[in-house]
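Asks: Structural data only, the sequence is not supplied:
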C-alpha cells in the first residue's frame with residue numbers, strides 16, 4: 001500500500017499543474033485575441049507589441065506542456081518525468097524573473113510622454129493623412145476621461161478649440177445641433193476634463209503593472225511550489241522503492 005505522503009503529494013501536484021494548464025490556456029487565448037485585434041487597429045493603439053504577445057504566447061504554450069508532464073509524472077509516479085518537469089519549471093521561472101526585471105527597468109527608463117506629445121502635435125495639423133490620428137486622440141481622451149497631454153491648456157498652445165471628446169456628454173452624440181450645443185455649454189461652463197492624458201495613462205499603466213506583478217508573483221510561487229513537490233515526490237518514491245527492494249531481497253534471502 002502506498003504511503004499517505006505520496007498520495008497527498010500526488011493530489012496536490014496534480015491539482016497545481018491543472019491550475020497551471022488553465023492559466024496557460026487563458027494566457028494563450030488572450031494573446032490570440034490581442035493579435036487578431038491588432039490587425040484591425042493602428043500600431044499606436046495597440047496595448048502590446050507583437051514581440052511581447054509572441055513571448056507570452058510561447059510562455060503559455062510552455063506552461064501547458066510542462067504542467068501536462070507534471071500531471072503525467074504525478075499520476076504515474078514516474079521519477080524521471082517528475083525530474084524533467086521540475087527542470088522545465090526551474091527554467092521557466094528563471095526566464096520569467098529575468099524578463100520581469102528587464103521589463104521593469106525599461107519601463108522605468110523609457111517613458112511614453114514624448115511619443116504621446118508627438119501624436120498630439122500631429123493631431124494639430126489639417127492634412128487628410130492625419131485623420132486617423134485625430135480619431136485615435138479623440139478615442140483616447142473619451143475612453144480615459146482626459147484632455148490634452150498635460151491638460152486642456154495644450155489646445156490653446158496649438159490655437160485650437162477644446163474638442164467634444166474632452167466633454168463627457170458631447171462626445172457620445174452624433175454631429176448635429178445637440179452636439180454643438182452641449183459642446184458650447186461645456187466650453188462655457190469649463191466642465192471639460194481637467195486631467196491630462198499623460199497622467200491618466202501613467203495611472204492606468206501603473207494599475208496594470210501592479211496587477212501584472214501581483215499575478216506574476218503569485219504564479220511564480222505556484223511554480224516554485226510545483227518544483228518542490230515534484231522533487232520531493234520523486235525523492236520519496238525512489239526511497240520507498242529502494243526500501244521495498246531491500247525488504248524483498250531480505251525476504252528471499254531468509
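Replies: Arrived safely, thanks for sending. Note that the structure is predicted; figures quoted are calculated from it, not measured.
Asks: So residue 138 sits against residue 163, correct?
Replies: Yes - contact status for residue 138 versus residue 163: in contact at 6.4 Å, counting by CB atoms under 8 Å. Using the backbone N, CA and C atoms, a C-beta is placed for each residue, glycine as well.
Asks: Between these two, tell me which one has more neighbours.
Replies: Remark: of residue 138 and residue 163, residue 163 carries more neighbours, 21 against 16, as counted by other CB atoms under 10 Å.
Asks: check contacts around the more buried one.
Replies: Residues counted as contacts of residue 163 (CB atoms under 8 Å, 6 or more residues apart in numbering) are 138, 141, 155.
Asks: hmm, 10 Å instead?
Replies: Shown in contact with residue 163 (CB atoms under 10 Å, 6 or more residues apart in numbering): 123, 134, 137-138, 141-142, 147-148, 152, 155, 170-171, 183, 192.
Asks: For the helix or strand containing residue 216, what is the distance to the chain centroid?
Replies: Secondary structure from DSSP states H and E places residue 216 in helix 197-253. Centroid separation for helix 197-253 versus its chain: 21 Å, with CA atoms, centre = their mean, to the nearest Å.
Asks: just checking, what packs against it?
Replies: helix 4-39, helix 50-76, helix 79-109, helix 113-123, helix 131-144 (3 or more CB pairs under 10 Å, 6 or more residues apart in numbering; DSSP states H and E).
Asks: Dump these into CSV; add mean pLDDT as well.
Replies: Listed next are those as CSV, based on pLDDT from 0 to 100:
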stretch, mean pLDDT
helix 4-39, 88
helix 50-76, 89
helix 79-109, 85
helix 113-123, 67
helix 131-144, 78
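Asks: Compare the ones you listed and give me the one nearest residue 223.
Replies: helix 79-109 (5.1 Å; CB to CB).
Asks: Tell me the buried residues in the closest one?
Replies: With burial defined by 16 or more other CB atoms under 10 Å, the residues of helix 79-109 counted as buried are 79, 81, 82, 84, 85, 86, 88, 89, 92, 93, 96.
Asks: domain parsing for this structure?
Replies: 4-110+209-253, 113-198 (automatic domain parsing).
Asks: Just the closest of the contacts of residue 163 to residue 236, please.
Replies: Nearest to residue 236 among the contacts of residue 163, with distances taken as CB to CB, is residue 142, at 59.3 Å.
Asks: Contacts only, for that closest one.
Replies: Contacts of residue 142 by CB under 10 Å, 6+ apart are 163, 164, 165, 166, 167, 168, 170, 171, 172, 193.
Asks: who wins for most neighbours among those?
Replies: residue 166 (27 neighbours).
Asks: List the contacts of that residue.
Replies: 138, 141-142, 145-148, 151-152, 155, 183, 186-187, 191-194, 197.
Asks: if we can go back for a sec, can you tell me which of the helices and strands packed on helix 197-253 comes nearest to residue 227?
Replies: Comparing those by CB to CB, helix 79-109 comes nearest, at 4.9 Å.
Asks: Pick out the residue closest to the middle of this structure.
Replies: residue 212 (5.5 Å; CA atoms, centre = their mean).
Asks: my guess is it meets residue 52, correct?
Replies: No - the pair residue 212 and residue 52 does not pass the contact test of CB atoms under 10 Å, sitting 11.3 Å apart.
Asks: Overlap of the contact sets of those two?
Replies: Listed as contacting both residue 212 and residue 52 by CB under 10 Å, 6+ apart are residue 103.
Asks: Give me the nearest residue to residue 120, chain neighbours excluded.
Replies: Excluding its sequence neighbours, the residue lying closest to residue 120 (CB to CB, 6 or more residues apart in numbering) is residue 149, at 5.1 Å.
Asks: any idea which helix or strand comes after the helix or strand harbouring residue 156?
Replies: Assigned by DSSP H and E, residue 156 belongs to helix 154-157. Per DSSP H and E, the first helix or strand lying C-terminal to helix 154-157 is helix 177-189.
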